[in-house]
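Novice: Could you work out the structure for the sequence below:
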Amino acid sequence: MKIALRPTVPAFVGRLSRLLLPGRTQSSTRGSSQQTDETGRASGERDPQPHQTEPAGTVSRRALMQTIGTAGGLAVIAGCTPSDESRTKPSAGQHTHDNGQSSQHNDTHGNGQSGTSGRGDPNADIQTLTSEIALPAQFQSPLPIPKQLEPTRRTSDTDYYEILQSPATVEIVPGLRTPIMGYNGTFPGPTIVQNPGRRVVVTHKNALPVPTVVHLHGGTSPYDSDGYPTDFVLPAATYGTFPAMPAMPGMPAMGDPGAIVSKLQRDYTYPPQPRAGTLWYHDHRMDFTGASVYRGLAGFHIAHDTEETALPLPQGARDVPLMIADRAFAAAGSFRYPALDPTMHTTPGVEKPSVNGVMGDVILVNGAPWPRMEVDTARYRFRILNASNARTYQLALQDSSQGIGFTQIGTDHGLLPAPLAQDAIAISPAQRFDVVIDFSRHKIGDEITLVNQLGSGSTAVVMRFVVTRATNDNSSVPATLSKTDTITPTSSMTQRTMKFHRGGDGEWLINGRTFDPAFSHADVPAGSTELWTIISDFHHPFHIHNATIQVMSRDGNAPGPFDQGWKDTVFVNKGERVQLAIRFSSYKGRYVFHCHNLEHEDMGMMATFRIT
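Specialist: Numbering: from 1, shown residues only. This is a model prediction of the structure:
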């Protein structure tokens with residue numbers, strides 16, 4: 001089924017959807033995608049022109065804003081703000097960076113990714129929402145472990161799962177009830193484990209009041225199961241052609257002829273993953289990803305392979321996923337998100353003070369505020385995911401008895417070739433780091449705190465480990481973890497430049513354009529490897545679907561201390577040029593790349609590419 005999409009209000013601080021004339025088809029833009037291809041251009045050459053020629057029949061956001069004027073756009077916004085009860089009310093001290101306190105971050109590591117100084121705190125330009133509740137005591141709640149989902153049936157090569165996307169009310173802050181949108185009514189959602197050589201089919205049923213899209217982040221997936229932002233699962237058979245709503249007066253409606261839309265439910269098929277890895281699934285609905293994830297639509301998907309399972313790494317109860325996410329809370333206990341439309345039906349985007357991103361003053365781990373975990377005198381493997389909308393963390397371990405650090409064994413796409421000793425780990429939104437912490441050097445009663453060196457006040461700590469049991473431990477971290485190939489750039493590789501920047505009218509742009517489902521920024525051969533240079537004028541976590549990345553350089557220098565291994569998300573700090581070697585999957589179709597600051601993504605910083 002194909003469906004037309006019509007945003008009601010393009011807005012300066014919301015998602016200004018590209019407007020297409022009726023009758024525009026996917027085939028009409030195929031030739032135009034070559035206008036932004038930079039095949040063969042050397043890395044050091046000039047950047048692409050920020051404004052490409054528009055395909056026939058297109059009215060760009062920039063042209064729209066020039067037509068109605070910025071004041072006109074802001075006037076539209078004024079008529080679409082939510083009620084006083086649901087909207088953020090800026091006041092003195094309300095929007096501050098970590099409650100207005102100075103950063104505890106040591107700038108000798110810069111952004112923690114490049115290993116250079118002078119970049120500063122990547123959260124500094126993003127304001128923190130202050131909760132309206134008394135913040136709960138730290139290190140009191142036990143760490144929850146997301147439930148592992150059991151298959152509904154198995155065949156010789158496939159495991160089948162079912163997930164109900166539904167509203168629920170849960171206790172996150174003790175004594176308060178928080179409404180969420182949850183996978184199986186929980187936050188985080190249940191964990192799916194994909195075993196070596198096994199295909200996984202997940203049937204998602206939508207019982208929420210809004211459309212959804214499920215993206216397996218980091219997954220190698222066919223295009224129709226990847227979670228393209230307009231491939232909606234509508235919540236009812238009678239829901240009609242949501243969101244086919246009136247466009248702005250005098251302007252045409254938007255359409256996506258390539259959208260694959262389902263009603264009530266959809267089967268997502270995931271082939272055996274090429275490498276073990278800590279993947280995750282989350283909502284990816286066009287214009288509303290930030291609001292959906294903030295309200296709870298996120299869960300782990302852990303893929304194994306035979307190489308990993310043969311190693312003596314910590315297993316079972318000592319293989320622990322940690323989903324770190326910051327939130328702010330309203331007085332009654334609900335999540336506080338500054339949406340222009342809290343119903344998520346009409347106007348996308350956030351209020352102006354939050355257009356750089358949404359951060360909260362409560363740190364949740366697996367859905368609990370600043371939890372504590374009782375541990376044995378043994379090694380533990382922690383699969384750390386930053387599921388925050390915009391906050392970057394620099395994680396370190398702090399204890400009263402002796403220094404302790406991380407042994408990094410993996411990243412977004414599985415194990416490193418060899419373990420790395422890390423005193424701290426910088427992790428931007430959507431990144432994953434697999435680490436081992438050895439508690440055997442501790443005695444019963446020792447407390448080890450996971451701290452955030454980029455935070456202050458309530459955001460300076462994350463959780464606490466308490467050593468409570470002595471035990472024998474047969475696990476180990478071998479000197480060789482994985483056989484991985486290293487990409488060496490060659491002159492024959494296609495080179496492209498993607499500029500992530502703010503537009504003159506406040507939009508978040510890639511190469512001068514906001515997201516348009518019908519416009520391809522790059523057509524890439526299946527299975528090919530290309531060199532992309534990402535240029536940033538702000539702090540942008542670059543994420544690409546259905547591909548894997550190795551970092552080649554940062555500003556012409558060697559990759560940073562946290563750039564090792566295969567990735568799908570790479571942090572690009574303000575003013576950086578990061579060169580990436582990207583290896584594309586053999587699955588063909590249209591996919592996207594985007595900033596994983598979710599407010600930036602919702603406000604246009606996303607682009608289509610095609611694997612051909």
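
Novice: Please save the CA atoms from whichever strand or helix holds R610 in PDB.
Specialist: According to DSSP states H and E, R610 maps onto strand 606-611. What follows is strand 606-611, C-alpha atoms only, in PDB (Å, rounded to 0.1, in the frame of the first residue of the first chain):
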ATOM      1  CA  MET A 606      18.300  13.200   7.300                       C
ATOM      2  CA  ALA A 607      18.900  12.000   3.700                       C
ATOM      3  CA  THR A 608      18.000   9.200   1.400                       C
ATOM      4  CA  PHE A 609      20.600   7.100  -0.400                       C
ATOM      5  CA  ARG A 610      20.000   4.100  -2.600                       C
ATOM      6  CA  ILE A 611      21.900   0.800  -2.800                       C
END
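
Novice: Report all helices and strands that that strand contacts.
Specialist: Applying 3 or more C-beta pairs under 8 Å, 6 or more residues apart in numbering; DSSP states H and E, one finds that strand 606-611 contacts strand 520-524, strand 589-595. Just so you know, the C-beta spots here come from the backbone N, C-alpha and C atoms, and that holds for glycine as well.

Novice: right, and the helix or strand after the last one?
Specialist: Counting by DSSP H and E, the next helix or strand C-terminal to strand 589-595 is helix 598-602.

Novice: packing partners for that following helix?
Specialist: Helix 598-602 packs on helix 289-294, strand 589-595, going by 3+ C-beta pairs under 8 Å, 6+ apart.

Novice: try it again with 6 Å
Specialist: helix 289-294 (3 or more C-beta pairs under 6 Å, 6 or more residues apart in numbering; DSSP states H and E).

Novice: what separates the helix it packs on from the chain centre, distance-wise?
Specialist: 10 Å (C-alpha atoms, centre = their mean, to the nearest Å).

Novice: any idea of the mean pLDDT for that helix?
Specialist: Averaged over helix 289-294, pLDDT sits at 98.

Novice: after that helix, next one along is what?
Specialist: In N-to-C order, the element after helix 289-294 by DSSP H and E is strand 298-303.

Novice: in the helix or strand following that following strand, what counts as buried?
Specialist: Per DSSP H and E, the first helix or strand lying C-terminal to strand 298-303 is helix 306-309. Across helix 306-309, burial judged by 16 or more other C-beta atoms under 10 Å covers 307-308.

Novice: Report the mean confidence score over helix 306-309.
Specialist: 96.

Novice: Tell me which strands the helix or strand following it pairs with, and in which orientation.
Specialist: The helix or strand immediately downstream of helix 306-309 is strand 319-327, counting by DSSP H and E. Here strand 319-327 is paired, per DSSP bridges, with strand 362-365 (antiparallel), strand 379-386 (parallel).

Novice: Comparing these, which stretch has the densest surroundings?
Specialist: strand 362-365 (a mean of 24; mean count of other C-beta atoms under 10 Å).

Novice: Please give the centre-to-centre distance between that strand and its chain.
Specialist: 16 Å.

Novice: who touches it?
Specialist: Outside strand 362-365, the residues within contact range by C-beta atoms under 6 Å, 6 or more residues apart in numbering are 322, 324-327, 369-371, 459, 462-463.

Novice: Alpha carbons of it, as PDB, please.
Specialist: Taking C-alpha atoms only, strand 362-365 is exported to PDB below (Å, rounded to 0.1, in the frame of the first residue of the first chain):
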ATOM      1  CA  VAL A 362      17.600  12.500  35.500                       C
ATOM      2  CA  ILE A 363      19.900   9.700  34.300                       C
ATOM      3  CA  LEU A 364      18.100   6.400  33.800                       C
ATOM      4  CA  VAL A 365      19.800   3.100  33.300                       C
END
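
Novice: Low-confidence ranges, the chain, go.
Specialist: Within the chain, the set of residues satisfying pLDDT under 70 comprises 1-119, 237-255, 400-403.

Novice: hmm, back to that, comparing the helices and strands packed on strand 606-611, which comes out most buried?
Specialist: Of all the helices and strands packed on strand 606-611, strand 589-595 has the most neighbours on average by mean count of other C-beta under 10 Å, namely a mean of 24.

Novice: Distance from the chain centre to that strand, please.
Specialist: From the chain centre to the centre of strand 589-595 is a distance of 13 Å (C-alpha atoms, centre = their mean).

Novice: Next: stretch 429-437.
Specialist: Per C-alpha atoms, centre = their mean, the centroid offset for stretch 429-437 relative to its chain is 14 Å.

Novice: quick one: L322 from I487, how far?
Specialist: Distance, L322 to I487, by C-beta to C-beta, to the nearest Å: 30 Å.

Novice: Oh, that last question was meant for P196, not what I typed.
Specialist: Taking C-beta to C-beta, one finds P196 at 25 Å from I487.

Novice: The two - which one has more neighbours?
Specialist: Comparing P196 with I487 by neighbour count (other C-beta atoms under 10 Å), the higher total belongs to I487, at 18 against 14.

Novice: shouldn't the more buried one be in contact with L580?
Specialist: No - I487 is beyond contact range of L580, at 9.6 Å (criterion: C-beta atoms under 6 Å).

Novice: can I get the strands paired with strand 319-327 in a markdown table with distance to H545?
Specialist: Listed next are the strands paired with strand 319-327 as a markdown table, based on distance: least, C-beta to C-beta, whole Å:
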| stretch | distance to H545 |
| --- | --- |
| strand 362-365 | 26 |
| strand 379-386 | 17 |
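
Novice: Between those strands, which one is closest to P541.
Specialist: strand 379-386 (8.8 Å; C-beta to C-beta).

Novice: quick one: that closest one to strand 298-303, angle?
Specialist: Interaxial angle, strand 379-386 versus strand 298-303 (axes from the mean of the first three to the mean of the last three C-alpha atoms, to 10 degrees): 130 degrees.

Novice: And Q265, how close does it get to T212?
Specialist: According to C-beta to C-beta, Q265 stands 11 Å off from T212.

Novice: higher neighbour count, those two?
Specialist: Using other C-beta under 10 Å, the more surrounded residue of Q265 and T212 is T212, with 22 against 17.
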